[in-house]
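>>> Below are the sequence and a predicted model; questions follow.
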Amino acid sequence: MRRFFLTLWWLLVTPLLGLALLGLWRSPGLASVGVLMGLAYLALCTRMLIAEGYPRRPHPAGSRLGFWFALLLLPLIIPPLLQAQRIWQDGHYTPEPGTLRLLGGLLQLLELPFGHWGPLGGLLAFSLIMAYFLLRIIVAGRR
């Protein structure tokens, strides 16, 4: 099983990193470097997740699967923070077309009594709570 997942990982990661390098070569810039760094981060975390999930020999100290999974999920904190920054800059919450209806409705409900500070605080609280729990998993995985 380990060999199958590593082969599948290699078949998916190699072309993606190659395309990112090609994009960096054709149009060098901060966005291309960001895409390459993001893909490299994703490749490293998924490779280590596979290695921890299917070890060659059992670890005497236990598996660090949660550590790598939490590191893989850590960048999910960024989109709510970017949305909070847009709310702060605009001074009001305007739902985007791709926003989930439940999330958009909740943020609009927060905007009624608190103004633009309601959705801003809600998104910041969500990001901070998510970061706290993911970092607790990372610390627990390092022990």
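Nice, I can see it.
>>> For the protein, which helix or strand comes out least confident on mean pLDDT?
Taking mean pLDDT, DSSP states H and E as the measure, the chain has helix 101-114 as its least confident helix or strand, at a mean of 78.
>>> which helices and strands sit right next to the helix or strand just after that helix?
Sequence-wise, the next helix or strand downstream of helix 101-114 (DSSP states H and E) is helix 117-142. The helices and strands touching helix 117-142, judged by 3 or more C-beta pairs under 8 Å, 6 or more residues apart in numbering; DSSP states H and E, are helix 65-73, helix 78-90, helix 101-114. Placement of C-beta: from N, CA and C, glycine included.
>>> What are the neighbouring residues in contact with the closest residue to Leu72 other than its chain neighbours?
Sequence neighbours aside, Cys45 is the residue nearest to Leu72 in space, at 4.1 Å (criterion: C-beta to C-beta, 6 or more residues apart in numbering). The contact partners of Cys45, by C-beta atoms under 8 Å, 6 or more residues apart in numbering, come to Trp68, Leu71, Leu72.
>>> Please spell out which residues along the least confident helix or strand of the chain are buried.
Leu103, Gly104, Leu107, Leu110, Glu111 (16 or more other C-beta atoms under 10 Å).
>>> what does that helix contact?
Against helix 101-114 from outside (C-beta under 8 Å, 6+ apart): His92, Tyr93, Pro95, Gly118, Pro119, Gly121, Gly122, Leu123.
>>> domain assignment for the protein?
1-63, 64-143 (automatic domain parsing).
>>> now, of the ones you listed, which is deepest in the fold?
Of all the domains of the chain, domain 64-143 has the most neighbours on average by mean count of other C-beta atoms under 10 Å, namely a mean of 15.
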